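Q: fold the following and give me the result.
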Amino acid sequence: MDAPLSLHDRLATAIVLYLAVLGAWGLALGVRNSGPTRAFQGALVIAEAVAIIQGMLGALLLVSRGVANGIHVLYGLALVAALPVAATFVRDRQPRGQSVALGFAALFAMGLALRGCTTVR
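A: The predicted structure follows:
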């Protein structure tokens, strides 16, 4: 396995684990009747940035190798869109509801990333 493909693979695993932690964090904030903290919001931004970087690396692999599973690409695009869409929809909710909804959105994004990992082969 060459370096860009290995990086793409390892970054996907990191994204899945990171989003799982973010999902649990968001739900824990909701259980504590708290809104999203600045740290939680920053962590969501980091997740989004890493997902975009992952997509750019995937696009580089697509251009250099010319082969891609269409459903894999679809999961990647959905992953990049999931958190911003969720953040837009929860903007007018109560703070506790924002935390819970963003926690579930992170878990949903984790599922997208996990499915993307399984559609490679």
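
Q: from here on, just use CA atoms for contacts and neighbour counts.
A: Will do.

Q: okay, and the residue positioned nearest the centre of the chain sits in which element?
A: When the chain is reduced to its mean C-alpha position, the nearest residue by CA atoms, centre = their mean turns out to be residue 109, at 4.5 Å. With the criterion set as DSSP states H and E, the secondary-structure element containing residue 109 is helix 95-118.

Q: and for residue 78?
A: Per DSSP H and E, residue 78 falls inside helix 70-89.

Q: need phi/psi at residue 92.
A: Its backbone dihedrals place residue 92 at phi -100, psi 10, with angles given as degrees, to the nearest 10.

Q: what sits up against stretch 70-90?
A: Contacts with stretch 70-90, where a contact means CA atoms under 8 Å, 6 or more residues apart in numbering, come from 44, 48, 51-52, 55, 97-98, 101-102, 105-106, 108-109, 112-113, 115-117, 119-120.

Q: sort out which of those residues are buried, if you could.
A: Burial by neighbour count, 16 or more other CA atoms under 10 Å: within those this picks out 44, 48, 51-52, 55, 97-98, 101-102, 105-106, 108-109, 112-113, 115-117.

Q: show me what contacts residue 106?
A: Residue 106 is in contact with 19, 20, 22, 23, 83, counting by CA under 8 Å, 6+ apart.

Q: near the closest residue to the residue nearest to the centre of the chain other than its chain neighbours, how many other residues are there?
A: In this structure, residue 109 finds its nearest non-sequential neighbour in residue 79, 5.5 Å apart by CA to CA, 6 or more residues apart in numbering. By the other CA atoms under 10 Å criterion, the neighbourhood of residue 79 contains 23 residues.

Q: just residue 49 next, same as before
A: The number of residues near residue 49, taken as other CA under 10 Å, comes to 13.

Q: separation between it and residue 2?
A: Residue 49 is 24 Å from residue 2, where distance means CA to CA, to the nearest Å.

Q: check residue 11 too.
A: Per CA to CA, residue 11 is found 14 Å from residue 2.

Q: of these two, which one has the most company?
A: residue 11 (17 against 6).
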